[in-house]
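Enquirer: Build the 3D model from these lines:
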Amino acid sequence: MDFRVPGADPSAVKAARERLSELVVPRQSLGRLADLGIWAAGRQGRCPPESFARRRILVLAGDAPIALPAGLTSAAGTPAILAAFGRATAPVSVLAPLAGASVRVVDVAVDHAEGERGPLVGPGIERRTVRSGCGAIDREDALTPDEAVRAVAIGAQLADEEADAGTDLIVTGAVGHGLATQAAALVAALLDEEPVAVAGRGEIIGDAVWMSQVTVVRDALRRVRRVGADVATVLTVVGGPVLAALAGLIAQSAVRRTPVILGGPAVCAAALAAVRLAPGADTWWLAGTYAPEPAQEIALRALGLVPLLDTGVHLDDGTGAVLAIGMMEAAVAALAGIATRADVAQPGERDDG
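Expert: Sure thing, here's the model as predicted:
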């Protein structure tokens, strides 16, 4: 696909900086709110910026066959997680109304058990299937080249649909078994990192799962380094349907001038691929929150993005990132609503000349 990314509106950015300098607050006192207000003005093409009217949380779902050590099982299966989304009881579904956002969940590669292949019932859940699951990246390619192209195209189509519907702010998320390991492999492949540097570790997963992740990433890197490091090849070999679709989604959102708040590690890994597909797309993205996952930290450092919040949320479904909407709205309100020196000047103090 040919992604042509527009830049921010320079006149709106200039006007926002000038307005900021005229606010009746000490210089630098607004911290990141000032930077965010200018950022929003440039992406909206207006100063002062306005509240984002249509906020969408877009979650892509799919599975990757990552083997766990004997005796260990994964958490709730992805179909069960999707059922929670259908009932609006998934974590991000519960928080979305507080941020004035709606949730859209798209199944691109969930490995449904036999008898679960009918349409999923529930608000905001749909299917755009690339395939059921994907290849085990330590032993085989995650996708065929045609599947990788299709996955990116599905993501881009979702971005177009949202832009055409008037969505003006997207929060991205992902759910599915094995995505954390797949994301770690993608980050390592694109940035030439070692497996031990990108695999998440801690009380959440434990040492046994961490060692399993390192082994999978190591073997996946051996495979991808034999065939090349261009982004299309990397997405095919280790990316998988969800990460490839996310890359298409956030790349095309930039093309359509739709700001994106990036979610957790899977989304940030996909962003590394997206910026290679669409140079300059990262100027349309914000990082939502820190998660204690090395793959995310490494990816964001490479992108030059500093998360708006530090919540410690480990979920990849957008739960942490949705909280950043409030900070974005605060920045818009501050730049638009705080009085300027001209607003408060006494009649005799005005410069009419």
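Enquirer: where do the strands sit along this structure?
Expert: Here the chain has its strands, by DSSP state E, at 55-62, 101-109, 125-127, 169-175, 260-262, 285-287, 289-290, 309-310.
Enquirer: could you say what helices and strands the longest one packs with?
Expert: Counting contacts by 3 or more Cβ pairs under 8 Å, 6 or more residues apart in numbering; DSSP states H and E, the secondary-structure elements packed against strand 101-109 are strand 55-62, helix 78-86, strand 125-127, helix 145-164, helix 240-255. Heads up, the C-betas are built off the backbone N, CA and C, glycines and all.
Enquirer: can you tell which of those is closest to V332?
Expert: Closest to V332 of the helices and strands packed on strand 101-109 is strand 55-62 (Cβ to Cβ; 12.1 Å).
Enquirer: Kindly export that closest one (C-alpha atoms) in CSV.
Expert: The C-alpha trace of strand 55-62 is given here as CSV (Å, rounded to 0.1, in the frame of the first residue of the first chain):
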residue,chain,number,x,y,z
ARG,A,55,-13.5,9.1,20.4
ARG,A,56,-13.2,5.5,19.4
ILE,A,57,-11.3,2.7,21.2
LEU,A,58,-10.4,0.2,18.5
VAL,A,59,-9.3,-3.2,19.7
LEU,A,60,-8.0,-6.0,17.4
ALA,A,61,-8.1,-9.6,18.5
GLY,A,62,-6.2,-12.7,17.4
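Enquirer: quick one: strands adjacent to it?
Expert: Using DSSP bridges, the strands paired with strand 55-62 are strand 101-109 (parallel), strand 169-175 (parallel).
Enquirer: which one of the ones you listed has the most crowded surroundings?
Expert: The highest mean neighbour count among those, using mean count of other Cβ atoms under 10 Å, belongs to strand 169-175: a mean of 29.
Enquirer: from the middle of its chain, how far away would it be?
Expert: Centroid separation for strand 169-175 versus its chain: 5 Å, with Cα atoms, centre = their mean, to the nearest Å.
Enquirer: Stretch 92-109 now?
Expert: Counting by Cα atoms, centre = their mean, stretch 92-109 is centred 13 Å from the centre of its parent chain.
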